[in-house]
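Q: Take this sequence and fold it.
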Amino acid sequence: MLKLKRVYDDVSQQDGKRILVDGIWPRGVKKEDLEHDEWYKDIAPSTDLRKWFNHDSDKWEEFKKKYKKELKDQKELVDQIKKDSDGHNVTLLYAAKDTELNQAAVIKEYIEEK
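A: Below is the predicted model of the structure:
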């Protein structure tokens, strides 16, 4: 089962495997302080797409479309997340303030559509 959680939220036993899906390290978090199992920075949106979106809710639908195209090029990481979450909890970690409109939500949706 895929779950989403901000990197700033408390760790839970129900998190299972914890995968950071941001392309850049979260602000204000020391690397040794973040409890995570993997950092899939290559699965994050491209720098150009991230800067274009800039967490503008009016661009959300277009961002999702463009980002899902990028995810097709990250088949290996997407497949690994899918495999890890088959019968097990996997939590995708992200730093964005918006808990609904962020790349982790798109990754989760993309995997669940497959």
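
Q: drop to CA atoms for contacts and neighbour counts, all remaining ones
A: OK.

Q: For the residue of the chain most remote from its centre, give its distance to residue 101.
A: Ranked by distance from the centre of the chain (C-alpha atoms, centre = their mean), the top residue is residue 58, with 20.2 Å. Residue 58 sits 11 Å away from residue 101, going by C-alpha to C-alpha, to the nearest Å.

Q: Check residue 3 too.
A: For residue 3 relative to residue 101 (C-alpha to C-alpha), the value is 14 Å.

Q: Ok, residue 65 next?
A: 13 Å.

Q: Could you pull out the buried residues of stretch 31-38?
A: residue 36 (16 or more other C-alpha atoms under 10 Å).

Q: One more: stretch 39-50?
A: For stretch 39-50, by 16+ other C-alpha under 10 Å, it's 39, 40, 41, 43, 44, 45, 50.

Q: and that stretch, how far apart are its ends?
A: 18 Å.

Q: Not counting it itself, show me its contacts.
A: 19-24, 63, 66-67, 70-71, 74, 77-78, 103 (C-alpha atoms under 8 Å, 6 or more residues apart in numbering).

Q: which residues touch the nearest residue to residue 26 once chain neighbours are set aside?
A: Once flanking residues are discounted, residue 26 sits nearest to residue 95: 5.7 Å by C-alpha to C-alpha, 6 or more residues apart in numbering. By C-alpha under 8 Å, 6+ apart, the residues touching residue 95 are 6, 7, 8, 22, 26, 27.

Q: How about residue 70?
A: 45, 46.

Q: Where do the helices of the protein begin and end?
A: Remark: helices assigned in the chain by DSSP state H are 47-53, 60-71, 75-84, 103-113.
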